[in-house]
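Enquirer: Turn this into a structure:
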Amino acid sequence: MDISTPPTIPGPRLAELRRGYGITRRALAERLGLHRNTLRAWETSHEVDVLRSRRYLAGLHELADT
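Expert: Below is the predicted model of the structure:
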């Protein structure tokens, strides 16, 4: 892990990014192979660990690029 990578990210920040791209939670959940309620839990969590946030952001960027 890069020392500049924070160990956690606030869940509401993930939701803010997703909404900024205009991507629905359902579309992102389908892309990641997760239930939309799982993403809701991540997005409302005080902190999301680096592995989950990287997975979330990778799926978000894949959908934004299509």
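Enquirer: Rounded mean pLDDT for the helix or strand hosting A58, please.
Expert: Per DSSP states H and E, A58 falls inside helix 50-64. Mean pLDDT, computed over helix 50-64, is 94.
Enquirer: residues in contact with the lowest-mean-pLDDT helix or strand in the chain?
Expert: Every helix and strand of the chain was ranked by mean pLDDT, DSSP states H and E. The lowest is strand 8-9, at a mean of 90. Here strand 8-9 makes contact (Cβ atoms under 8 Å, 6 or more residues apart in numbering) with E47, V48, D49, V50, S53. (C-beta placed from N, C-alpha, C; glycine too.)
Enquirer: before we move on, what about stretch 11-31?
Expert: Contacts of stretch 11-31 (Cβ under 8 Å, 6+ apart): 35-36, 38-40, 42-48, 53, 56-57, 59-60, 62-64.
Enquirer: Kindly tell me how buried W42 is, as a neighbour count.
Expert: Around W42 there are 21 other residues, counting by other Cβ atoms under 10 Å.
Enquirer: okay, it: pLDDT?
Expert: For W42, the predicted pLDDT is 96.
Enquirer: Any idea which residue is closest to the centre of this structure?
Expert: Y56 (3.1 Å; Cα atoms, centre = their mean).
Enquirer: quick revisit: so what strands line up beside the least confident helix or strand of the chain?
Expert: Paired strands of strand 8-9, with direction, are strand 48-49 (antiparallel) (DSSP bridges).
Enquirer: Distance from the partner strand to the middle of the chain?
Expert: 10 Å (Cα atoms, centre = their mean, to the nearest Å).
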